Each structure stands twice: as structure tokens, then as C-alpha cells.
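Chemist: Coordinates for the following, if possible.
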Amino acid sequence: MVGAQLVTDEALLSSLSTRFRLKLADVSQSERQAREIVSEQVARRYEILPIRITDSYLEIATANPFDLDCEKTLAFATGREVRIQLASPSKIREKVEELYRPENVLDQLIEGMGTEAEITQLRDQQEAEELTVSAEEASQRPVVRLVDLILSEGILSRSSDIHIEPEEGGVAVRYRIDGVLRQVMKIPRAAGLPLISRIKIISGLDIADRLRPQDGRARVAVNGVPVDLRISTLPASLGEKVVVRVLDSTRTILSLEKLGLNPDEAGAVKELLENRDGIILVTGPTGCGKTTTLYSAIRYVQSEGVNIVTVEDPVEYRLQGIVQVQVHEKAGLTFAAALRSILRQDPDVVLVGEVRDRETAQIATQASLTGHLVLSTLHTNDAPNAVTRLVDIGMEPYKIASALRGVVAQRLMRRLCSTCKEVWVEQIPHKLQRWIPPDTPVYRAVGCPECAMTGYRGRFCIVEVLSVTPEVERSIGANETADKIADVARRGGMRSLWESGISHVLRGESTIDELLRVVDVPQEGELGEETVLELKRASGPRSRERPAGEVVGQEAPERGGDGRGGVATAAPITPEFELLEPLQAEPVSATGAKVLLVDDEDQLRRVMRDLLERDGYAVAEARDGVEALDQVDRHAPDIVVLDLNLPGLDGYGVLSHLRSRPSTAGIPVVVLTARGDEDNEVRVFEMGADDFLSKPFRARALSARLQAVLGRARGTTSRERS
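Modeler: Below is the predicted model:
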């Protein structure tokens, strides 16, 4: 009748109200508490609108007062008497759409989240008009207030990054404070898209493009203090993830004294900066503070008579009195191009944000050899491996030896909160006892309001400083491995990252747990998670007879195997890597052939190297599959001894690469592995292996197998030539 316009909604409701003695509902009086009890799904299913709720009853508006299923469901779900009022279906639907839309979900979320911070956006003068229009449109929505809250709270809580990540059922907001992520809120999924769109608008990104990664920047002011933001978006399966990097210049450490270095470490770094030419590298993973350390170094060398120019991507902080160049690859301004132009600007000190490729490395090296001090960063795990990385990029070892002045590898550790830290009274783990003197107090994190209940507040650097002494320079020029360079550097006084960190722990500045989070415990002879093989050279000549199962290893370090000095004897060897017979004192056959040993267990490689060098072989080593292929190209070995269980590219992949390349297809490969089952043996022979040995192995058997395989290979080559 209403659809045929024979009667109005109001007239029909009035008649029904009189007939059934029901009250007419005022839909404008719907209370938020009632809507919190009755979900949107229930309201839409039964076409009702919650009006009011008390401790004893729930009032709803409905167009069907005879829906007993609805009444029973609501009574059971809320534990209250359901009182029914009448309203037209059209008004109920209209009000449900209005009250349950995403903007009102955000109003409920923001309600009660007060903050004294004031945030305003600082727009660039050249901002496009259409972007301004989009921002004005977005500013009409409650999501703008939520974005301001997220940014201001993140900045005031000392966050370095703000992560906004779509998840099942919502969007999580996490702050990275002191290097650790903390989730602070979860937003309803319906509000995720406008939230991310708002952030893309203020950073000048395309809000319509959700299928490609984008990078942008914004500048805001929190309580009048300007803060730069770097925004990165990444399309993911559940929506776009956004990371906001906070660059607050007021919190930037710009002096070496404030980095928290040990006195001897600070002195070593300053000694490196006294050089007037050469390259100084700062290495470590992403987010370990390399840029801050470089800025601090620049401030140390800065003076009125020094011309300093930097090339960065991006320029994170503006430094007074220093010319800073922003890389713009789309316009052709790469690190290499900018560095080439900078050298024509008569600089004294050049800072290169990162050495990424061979061209940049070559120009930086040339600049250092012509009287400039070059500072840069590199992504490596420790200082000695920076040399290996430069060689991998394509630099010649002799040039690296001439140009490099030092490498600083670093990590960041959280500093204990001085308000709540307390002495740790539990037993020190056995593996750490040799590093912690008896009766030395060690502290633990507790948590208090001052540190947001984390136990930590602030961070400091732990470093490994490799100074290029004449001995280190000779090792680099001879293209020796990172391990050998590290040995030479340690003899010259280099301390490891672990030793740097443990000194801070012993002074009560941080905890053992935090140190273990940042670096690993240096355990001599550690071969993996399941096998520990300690190999130390016992006293006496190497040619003496040894019982089966005892292996000649390395000389014991100064502190010995027990941490108290002296020489330690070899520990029992686990069966997986045991040599089943003693090494022979006299070489069996001086073949002169080149052997490449590929195994991720350092100590086992040393044992095999000892054995093969006694037999007259020239030996090269690789600890993973990628390094193995590089060593094959570099050394052209006559035979390869290959393990299957390798990190990254495994032995199967290495064998496949060798057999697929014409230049390496003829190199004999002997597989030596703990996977001694038939399936693996068949598989490697099908892939082109020449022999198969399982661990544990016999020393003389290994030598005999290598000679036999080499003999067959040389015989085949001779027949092909004839």
C-alpha cells in the first residue's frame, strides 16, 4: 500500500501503533552504547536499529514487531529484556547506513584518545593544485584526525619508523622505538583504505595506483618543531603496506662523543679521520646507524678551511656549511655521475652515501688516491668482509690495499633504563661464563613508565674498527680471505663486535639478552646447530703419531680452550665429521693440482686443507654456493670437492651451474657429504658428479679418490686432443 502510494509511512505506523499498543520510535535518539552491544551484522540481518540500553532492557526500532526469532536472539545475546518500538523500514535502513559507516567507526576509535600535541602539514610552495584539492577533500573526513594522531604520537614517542600493515580483520599500526617494533593500535579494516590514502596524499603519491611500490616525502611540524618524513608503500596480498621513516633533526647525534663508543674505539675512529686521503668505510645491515656515524665523522673533520661535499640518496638531514647533493637516478644523477662532478669542485672530503656498484667504487678509489678523503657505507656483516665485498663488486685487491684506510663495522644496542634496571641474580649461561669475570654485577631490564615498560631507553653503538696497518695492507693486496685478514687485524689490536658489546654489558649499560639479540657469541669450533667440532693444534711436531679420531687443527689462542691460558688439546670429534684414520706425516703425492674445497664448516675445511696441502695440492676454499662459483671463475681449479648442504645456493645448484656452463663443464667434481644415502648418490651422479664420498671419511681414501678422478680427467683430455 505504501509502494502504491495509497497510504504514507506515518499513517500506517500510527494505525499499527494504536492497534498493537506499541510506541513509535525516534530513530534520531539512537545511543552509541546500544550500537556497541548490537553489531552491524545483526542490525542488518533483522532490519532493526538499537535505540537505548540499560542494565535491564534493550529498546530497538523495527518494522516487524512479530519477529520472534529476532527478539529471542537479542535477548539471549544481550541478557536483557527486548522492548520493541515501531519505525518504517526506509528510515531504519537509512539510519543503519548512517550510524555504521566507516567514518563513525573512526569517531568511536578516536573518542577518548586525547593528545596535547599539535601537528600541521608544511607544504612545499610548488605543490600541485590538484594535490591540494585532494587534500582538502580528505580533510573533511575523520580519518585525517586519526592520521595526525598516529604521526604525532609516533614522533613524540621517539619512533624511527611507523608501520601501517593490513592484516586479517584490520590494519595494525606499529612503532619502531629503539630498534624494536611495538604494536600500538589496530584499526577496523573498513578504515584502512582512507587511512592509507590520506598518508599518500600528504606525501605526494598517486592514491589511485595501488599496484606499484611508491616512495614519497612530507614535512610536518609537531608542536611547532619541523620533522621530515619519508614514506614508502608496498602492494601486499591484503592491501598496501606503508612505512613512514621519521627524520627528526633535533634527535640526531652529530658528534662522535655521543655515539656511546668505548674510549679506545673512539680513539681509533678519530685516528682514522686524521688521514688526509684514502677511503674510510662504515659497514653493517640496514638500520644500524651508519648514516648517523658518517654525519658525526663529518662534523669531526669539518672546519672553516675544509671543503666537504656529500652525495646521498636521500639527503636525510641538512647540515650547515656542507654542500649536500641528492641522487636523482631518473634524471641521470647517479652516485657515480654526481661523484665524478664533485671531484671537479675541489673538495677536501667527500661523503658517498653508499658504494653500490663497480663504477662508484672505482671513482671513489681514484678520488682517494688523488688526495681526497672519501667516507662511505657498505652492507657487510663485519669489517674484514668489506674487502671481500669490494672485490666482488669488481675492484682489484692491490687498489683496495692502496686506497683503504680503515673499516668501521657497527651495530646498535639498546641502553638500559637508569630508573628501573636491577642486578641479574640468575646463573650466567655456561657459554658466556668465559666472558664475564666472577663477582661482576650484570643487570637486567625491568620496565617502568619512564621507558614505556620495556626496560630500555635510547641506544648506543658497538663497533669493530679495522685499521689498515702495513700487515693488513699486504694481506689485502695478496687477495687473502676475510678470515686471514681478520686474524692479521686482531693481532694489530682490532676488537670484535662481541668484545665491544660485552664491555658495555660489564659496565651495566645494557643486558646480556640485548647483546645476544644484536650479535652472536663467538664460539671457536662452532660448526652448526647440531654439531660442534673444536679443532686446536696440540703442542709438539705435526708429524707425531696420533690415535684414530684425533685431528690436527689450529694452535690454541692466547686464552686457550678453557679460557685460562695455555695450550688445549683437541676435543673429541663428532662422528659426522670424523677422520677415520690419522693424517700421514709425509706427503703421498705432490701433484701440484688446484683443489677447490666447498663446505660451510670452517674447521672441517681447515682439516681437509691440511691433508691436501701435505699431498702437494694447491687449495682454495669457499663457504657457500655463490662464493664457490666465484672462486671457480677466479682460480680455475683442476678439481672441486663439494658439500651438498650449503647456505643459499646448495651443492646441487653449484653442480648444476658447473655442468651447464661450457667453460666449467669439464671440471671434475667429487661430492663429499653427510647425506650418504643411495638417493643422494644416484642424484649427484645423474647431475654429472665424478665421485661420491660420505662423511665420516678416511684421509688416504680422499687422496686416492682425488688422484683417480684427476687421472681419468687428464686421460680424457689427452685422448680428445689426440
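Chemist: quick one, what contacts residue 302?
Modeler: 308, 321, 322 (C-beta atoms under 8 Å, 6 or more residues apart in numbering). (Glycine included, C-beta is placed from N, CA and C.)
Chemist: any weak-confidence spans in the protein?
Modeler: 1-7, 101-118, 121, 123-141, 249-254, 523-591, 675-676, 697, 715-722 (pLDDT under 70).
Chemist: I'd like the distance between the most centrally placed residue in the chain and residue 52.
Modeler: Central residue of the chain (C-alpha atoms, centre = their mean): residue 286, 5.9 Å from the mean position. Between residue 286 and residue 52 the computed distance is 55 Å (C-beta to C-beta, to the nearest Å).
Chemist: List the strands paired with the one helix or strand residue 462 maps to, with their directions.
Modeler: Taking DSSP states H and E as the definition, one finds residue 462 inside strand 456-467. Strand 456-467 pairs in its sheet with strand 404-416 (antiparallel), by DSSP bridges.
Chemist: what's downstream of the strand it pairs with, the next helix or strand?
Modeler: Counting by DSSP H and E, what follows strand 404-416 is strand 422-423.
Chemist: Just the residues contacting that following strand, thanks.
Modeler: Residues contacting strand 422-423 (C-beta under 8 Å, 6+ apart): 441, 442, 443, 444, 446.
Chemist: what do you get if the cut-off is 6 Å, keeping everything else the same?
Modeler: 441, 443, 446 (C-beta atoms under 6 Å, 6 or more residues apart in numbering).
Chemist: ok, residue 342 - how many residues close by?
Modeler: Residue 342 has 21 neighbouring residues, counting by other C-beta atoms under 10 Å.
Chemist: If the nearest residue to it once chain neighbours are set aside is in a bridge, with which residues?
Modeler: If the residues on either side of it in the chain are set aside, residue 342 comes closest to residue 309, at 4.9 Å by C-beta to C-beta, 6 or more residues apart in numbering. For residue 309, the beta-bridge partners are residue 323, residue 350 (DSSP bridges).
Chemist: coming back round to it: give me the contact list for the strand holding residue 462.
Modeler: For strand 456-467, using C-beta under 6 Å, 6+ apart, the contacting residues are 178, 259-261, 265, 268, 382-383, 406-415, 417, 445, 451, 489, 494, 496-497, 500-501.
Chemist: same deal with stretch 367-386?
Modeler: Counting by C-beta under 6 Å, 6+ apart, 277-283, 290, 294, 297, 343, 349-352, 354-355, 364, 389, 403, 407, 409, 464, 466, 482, 485-486 sit against stretch 367-386.
Chemist: Could you work out the end-to-end span of it for me?
Modeler: Length of stretch 367-386, first residue to last, C-alpha to C-alpha, to the nearest Å: 19 Å.
Chemist: Can you report phi and psi for residue 482?
Modeler: Note on residue 482: backbone dihedrals following degrees, to the nearest 10 are phi -60, psi -40.
Chemist: For the stretch 1-150 of the chain, which segments count as helices?
Modeler: 9-20, 32-37, 40-46, 68-78, 89-99, 102-110, 129-138, 143-156 (DSSP state H, counting those that start in this stretch).
Chemist: Can you point out the buried residues in the fifth one?
Modeler: By 16 or more other C-beta atoms under 10 Å, the buried positions in helix 89-99 come out as 91, 92, 95, 96, 99.
Chemist: Tell me how far the third one lies from residue 60.
Modeler: Residue 95 is 12 Å from residue 60, where distance means C-beta to C-beta.
Chemist: What of the fourth one?
Modeler: Distance of residue 96 to residue 60, given as C-beta to C-beta: 12 Å.
Chemist: now swap in residue 15 and tell me
Modeler: Distance, residue 15 to residue 60, using C-beta to C-beta: 21 Å.
Chemist: ok, now residue 48?
Modeler: Distance from residue 48 to residue 60, by C-beta to C-beta: 5 Å.
Chemist: next one: residue 595
Modeler: Distance from residue 595 to residue 60, by C-beta to C-beta: 84 Å.
Chemist: in the particular helix or strand that has residue 336 in it, what's buried?
Modeler: Taking DSSP H and E as the definition, residue 336 sits inside helix 335-342. The neighbour-count check on helix 335-342 (16+ other C-beta under 10 Å) flags 335, 336, 337, 338, 339, 342 as buried.
Chemist: what does that helix contact?
Modeler: By C-beta under 6 Å, 6+ apart, helix 335-342 touches 309, 311, 325, 350, 359, 360, 363.
Chemist: which of those residues sit farthest apart?
Modeler: 309 and 359 (18.3 Å; C-beta to C-beta).
Chemist: Between the two, which has more neighbouring residues?
Modeler: The neighbour comparison of residue 309 against residue 359 (other C-beta under 10 Å) goes to residue 309, with 22 against 17.
Chemist: Tell me who's in contact with the more buried one.
Modeler: Residue 309 neighbours (C-beta under 6 Å, 6+ apart): 323, 342, 347, 350.
Chemist: Now for the third one: which residues touch it?
Modeler: This points to residue 347. 307, 309.
Chemist: if you set the cut-off to 10 Å instead, what comes out?
Modeler: Counting by C-beta atoms under 10 Å, 6 or more residues apart in numbering, residue 347 touches 306, 307, 308, 309, 310, 323, 339, 367, 372, 373, 374.
Chemist: These into JSON lines, with extra columns for distance to residue 603?
Modeler: Compiled in JSON lines, the contacts of residue 347 are given as follows (distance: C-beta to C-beta, whole Å):
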{"residue": "306", "distance to residue 603": "48"}
{"residue": "307", "distance to residue 603": "50"}
{"residue": "308", "distance to residue 603": "46"}
{"residue": "309", "distance to residue 603": "47"}
{"residue": "310", "distance to residue 603": "44"}
{"residue": "323", "distance to residue 603": "50"}
{"residue": "339", "distance to residue 603": "42"}
{"residue": "367", "distance to residue 603": "41"}
{"residue": "372", "distance to residue 603": "42"}
{"residue": "373", "distance to residue 603": "40"}
{"residue": "374", "distance to residue 603": "37"}
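Chemist: Mind checking which of those are buried?
Modeler: 308, 309, 310, 339, 367, 372, 373, 374.
Chemist: and the closest residue to residue 65 other than its chain neighbours, how many neighbours does it have?
Modeler: Nearest residue to residue 65, sequence neighbours excluded (C-beta to C-beta, 6+ apart): residue 84, at 5.0 Å. Close neighbours of residue 84, defined as other C-beta under 10 Å, add up to 21.
Chemist: check contacts around residue 84.
Modeler: With contacts defined as C-beta under 10 Å, 6+ apart, the neighbours of residue 84 are 20, 22-23, 25, 48, 58-62, 64-67, 70-71, 74.
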